[in-house]
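*Asks:* Pasting the sequence and the predicted model now:
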Amino acid sequence: MFAMRRRGRVYYGLGGAAASDPDAAGVLPRPVRRAFRLAVSLANGRVTIPRFAGIAAAMSLFAATGLYGMVLGGHTGAVAEATTSAIGFSIDNVKVSGNLQTSEIDILQQLGLDGSSSVVFLSAASARERLISLPWVENAEVRKVYPSTVEIKLFERTAYGIWQHGDELSLIEKDGKVIAPLRDNKFASLPLFVGDGAQLEAAAFAEQLSNWPDVQARIKAYICVGGRRWDLRMDNGVVVRLPEENIARAMHTLSTLEQDQQVLERDIETVDLRLPDRTTIQLTEGAAARRDKAVADRAKMLKKLMEKGA
């Protein structure tokens, strides 16, 4: 193989010496010439390789291989998040406000935060959607404060009453939407609505009784019967049966009986107000037994008096 210069150019032949005629020599393809010249320069010592070039090349190869593996394995995002966390963007502080019923543990679990979470890669919109899926949360605001803080403001639902359906007890809003199952006694003072469909009419029906506050204050449960009418269970166990229509008339009758005769204080089981022209009162078993005994004793006494008079 040979090389020769002509007009400032070097031609590389395939023989062992410089060719006398560059046109007659075998010329290398253009793309190969640069690499060939570099190889010749390295062989002649005209080009010096940097001292740590080999190490740098090996590290570059390993880095490229690792990056390729991350891309194939889908770990690029995790690595990037860990990297930003390591340089000072890890989430170290979560400020939560407005959470009266929602625990901070539930909030952190819903967001999936851990020691490697980065504020850079936290999606505020996605975090908000996950928080809204919590039972008590109606709305939420999520704000990132660089370099390491997340601020969360919750807007929670308001419990209006307790709905009993079968053996289940659930907290409901005023419009009847179920919030969550009842788990403790701190909501025991809320009104109880019983029966299928009772949660949907709860607020509207309770509002109808607000004109009789003394009676309403003693109601322990509102019982929806067949989706058509309501019974009232009072705090002493007495059941008041209301009609389907003209509830105001029935409530006025009940209020009058209570004021004049303290009917709800007596040993009775039910007060039936379903018929517009009469009120039916059913005694408890004990009261009925005592009444029957009193009637029988009175009959015996009258009989004795009649026998003496005869």
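*Replies:* Received it, and whenever you're ready, just let me know what you need.
*Asks:* gap between the closest residue to Arg249 other than its chain neighbours and Gln261?
*Replies:* Once flanking residues are discounted, Arg249 sits nearest to Pro276: 6.8 Å by C-beta to C-beta, 6 or more residues apart in numbering. Just so you know, the C-beta spots here come from the backbone N, C-alpha and C atoms, and that holds for glycine as well. With distances taken as C-beta to C-beta, to the nearest Å, Pro276 is found 20 Å from Gln261.
*Asks:* Please apply the same query to Ala248.
*Replies:* Applying C-beta to C-beta to Ala248 and Gln261 gives a distance of 20 Å.
*Asks:* go on, Glu168?
*Replies:* 38 Å.
*Asks:* ditto for Glu151
*Replies:* Distance, Glu151 to Gln261, using C-beta to C-beta: 61 Å.
*Asks:* Phe193: how many residues sit nearby?
*Replies:* Burial of Phe193 is recorded as 27 neighbouring residues (other C-beta atoms under 10 Å).
*Asks:* show me the contacts for it.
*Replies:* 161-164, 172, 199, 202, 221-222, 224 (C-beta atoms under 8 Å, 6 or more residues apart in numbering).
*Asks:* try 7 Å this time
*Replies:* By C-beta atoms under 7 Å, 6 or more residues apart in numbering, Phe193 lies in contact with 161-163, 199, 202, 222, 224.
*Asks:* Quick one: end-to-end distance for stretch 93-106.
*Replies:* One end of stretch 93-106 to the other measures 16 Å (C-alpha to C-alpha, to the nearest Å).
*Asks:* and what of stretch 150-163?
*Replies:* 37 Å.
*Asks:* Of the contacts of Phe193 - the most surrounded one?
*Replies:* Going by other C-beta under 10 Å, Trp163 tops those with 26 neighbours.
*Asks:* from the contacts of Phe193, which ones fall inside helices?
*Replies:* Among these, DSSP state H puts 199, 202 in helices.
*Asks:* Can you pick out the most distant pair from the contacts of Phe193?
*Replies:* Using C-beta to C-beta, the contacts of Phe193 span at most 13.5 Å, a distance reached by Ile162 and Cys224.
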